[in-house]
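Novice: Following is a predicted model, sequence given first.
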Amino acid sequence: MDLFGDLRRMNKRQLYYQVLNFAMIVSSALMIWKGLIVITGSESPIVVVLSGSMEPAFHRGDLLFLTNFHDDPIRAGEIVVFKVEGRDIPIVHRVIKVHEKGNGNIKFLTKGDNNEVDDRGLYKEGQNWLEKKDVVGRARG
């Protein structure tokens, strides 16, 4: 399989057609991704589960479809994907406690279904609760 030999045998019109086809595929994928970001309100509308901390609900390798509408209140029992300062990879866990204040400020605590303890050990040092700004999205499917 000689890729460069195939390219040398193409005339200019065929080569331009192949390059244009590839560019159309890439731009279509990017437009679909950006459209999903706008529709779902989440910076990452589709994520992959990377650990077994949510088994048996989700297994390693499962795909999750996320939404992140800021008007919806976060409730105990919901599965959220959140980012913690200092960690690059988002975490998928369930909300176990919610604290709402009169001014509308909401703080919550998460835990993996397959974990023995809550996630306070995963949060940045000195942080005991997550806030809405930490949420990437909520699992919808």
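Specialist: Perfect, I can see it now.
Novice: Specify the local secondary structure of Arg8.
Specialist: Three-state call for Arg8 (DSSP: H, G, I helix; E, B strand; the rest coil): helix.
Novice: Now do it against Gln14, distance only.
Specialist: Arg8 sits at a distance of 11 Å from Gln14 (criterion: C-beta to C-beta, to the nearest Å). (C-beta placed from N, C-alpha, C; glycine too.)
Novice: what about the longest helix in the chain?
Specialist: Using DSSP state H, we find that the single longest helix of the chain is helix 12-40.
Novice: I'd like the distance from it to the chain centre, please.
Specialist: From the chain centre to the centre of helix 12-40 is a distance of 22 Å (C-alpha atoms, centre = their mean, to the nearest Å).
Novice: That helix - what's its average pLDDT?
Specialist: Taken as a whole, helix 12-40 has a mean pLDDT of 91.
Novice: What are the contacting residues of the helix or strand that it is followed by?
Specialist: Helices and strands here follow DSSP states H and E; after helix 12-40, the next one along the chain is strand 46-48. With contacts defined as C-beta atoms under 8 Å, 6 or more residues apart in numbering, strand 46-48 is touched by Leu36, Gly61, Asp62, Leu63, Leu64, Phe65, Leu66, Val81, Pro90, Val92, Val136, Gly137.
Novice: Tell me the buried residues within those.
Specialist: Leu64, Leu66, Val81, Pro90, Val92, Val136, Gly137 (16 or more other C-beta atoms under 10 Å).
Novice: Right, I'll leave it there.
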